[in-house]
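Q: need a 3D model of the sequence below.
(2 chains)
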Amino acid sequence: DTGVSQNPRHKITKRGQNVTFRCDPISEHNRLYWYRQTLGQGPEFLTYFQNEAQLEKSRLLSDRFSAERPKGSFSTLEIQRTEQGDSAMYLCASTLGVGDEKLFFGSGTQLSVL
Amino acid sequence: SQQGEEDPQALSIQEGENATMNCSYKTSINNLQWYRQNSGRGLVHLILIRSNEREKHSGRLRVTLDTSKKSSSLLITASRAADTASYFCATEPNSGTYKYIFGTGTRLKVLA
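A: Now for the predicted structure:
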């Protein structure tokens, strides 16, 4: 297992369409995180999972965003009715958890909403 | 929202010089981490310092943490052109949650 994998790398969509991103974490990692990053800014926390349980979701996240992690393995992030303001890099990260808190990031999915 | 603020926002130095960047945060923390991000890529973990530690070293990296001032600094010694990247601090708040809050970043450019 070479690391955290995200697909697709790039996604171009029209405003109003739904998009779904996938993240495959490092296999033994219990925690999985989603972040959003815009140009020149730091990653902004969206949500995180402990195994299959979604433990926290940012208050900044509208109801158009939903994430799942079935069976505590891969995760998907769906954005419904995309808006131009959703254009950003969506980053996934995973970690073992307590005792080893460093995050391993994927290369991200760059979303462009036209 | 972002917990950390890095300072300076941008830094340009000559190869061989030392680079220092600072991070300030708002709430009590369990640990603080530094990450590097090359343009358009994911972040790479550099070093973690826990709230009961004051200083840590890893190769050419030196990190300090002052919990009374809610601040940390990252020193890169003998910088190289390959160190050109954005550097972010990330904090784990001491609030029973495991979310990591990133700062705004310092963009470092090392000139050959």
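
Q: bridged to the one residue sitting closest to the centre of chain A, which residues?
A: For chain A, the residue nearest the mean C-alpha position is A:Trp34 (3.2 Å; CA atoms, centre = their mean). Listed beta-bridge partners, A:Trp34: A:Thr47, A:Cys92 (assigned using DSSP bridges).

Q: quick check: it touching A:Glu68?
A: No. Using CB atoms under 8 Å, A:Trp34 is not in contact with A:Glu68, being 10.9 Å away. For glycine as for every other residue, the C-beta is placed from the backbone atoms N, C-alpha and C.

Q: quick check: next helix or strand after the least confident helix or strand in chain B by mean pLDDT?
A: Least confident element among the helices and strands of chain B, by mean pLDDT, DSSP states H and E: strand B:5-7 (a mean of 86). Using DSSP states H and E, the helix or strand that directly follows strand B:5-7 along the chain is strand B:10-14.

Q: the next helix or strand after that next one pairs with which strands?
A: Later in the chain than strand B:10-14, the nearest helix or strand by DSSP H and E is strand B:19-24. Strands that pair with strand B:19-24, judged by DSSP bridges, come out as strand B:5-7 (antiparallel), strand B:71-76 (antiparallel).

Q: compute the inter-axis angle for the helix or strand following strand B:19-24 and strand B:71-76.
A: Sequence order places strand B:29-37 as the next helix or strand after strand B:19-24, per DSSP H and E. Strand B:29-37 runs at 30 degrees relative to strand B:71-76, counting by axes from the mean of the first three to the mean of the last three CA atoms, to 10 degrees.

Q: partners of whichever helix or strand comes after strand B:29-37, with directions?
A: Toward the C-terminus, strand B:29-37 is succeeded by strand B:43-50 as the next helix or strand (DSSP H and E). When pairs are called by DSSP bridges, strand B:43-50 turns out to pair with strand B:29-37 (antiparallel).

Q: quick check: mean pLDDT across the strand it pairs with?
A: The average pLDDT within strand B:29-37 is 95.

Q: confirm that B:Ala82 sits in a strand.
A: No. Assigned with DSSP: H, G, I helix; E, B strand; the rest coil, B:Ala82 falls outside any strand and is helix.

Q: show me what contacts it?
A: B:Val110 (CB atoms under 8 Å, 6 or more residues apart in numbering or on different chains).

Q: anything in contact with each of A:Trp34 and A:Glu68?
A: With CB under 8 Å, 6+ apart, A:Trp34 and A:Glu68 have common neighbours A:Ser75.

Q: so which residues on chain A come close to chain B?
A: Contacts of chain A with chain B, taken as CB under 8 Å from any CB of the partner chain, map to A:4, A:31, A:33, A:35, A:40-45, A:48, A:50, A:55-56, A:60, A:89, A:91, A:93, A:97, A:101-108, A:110.
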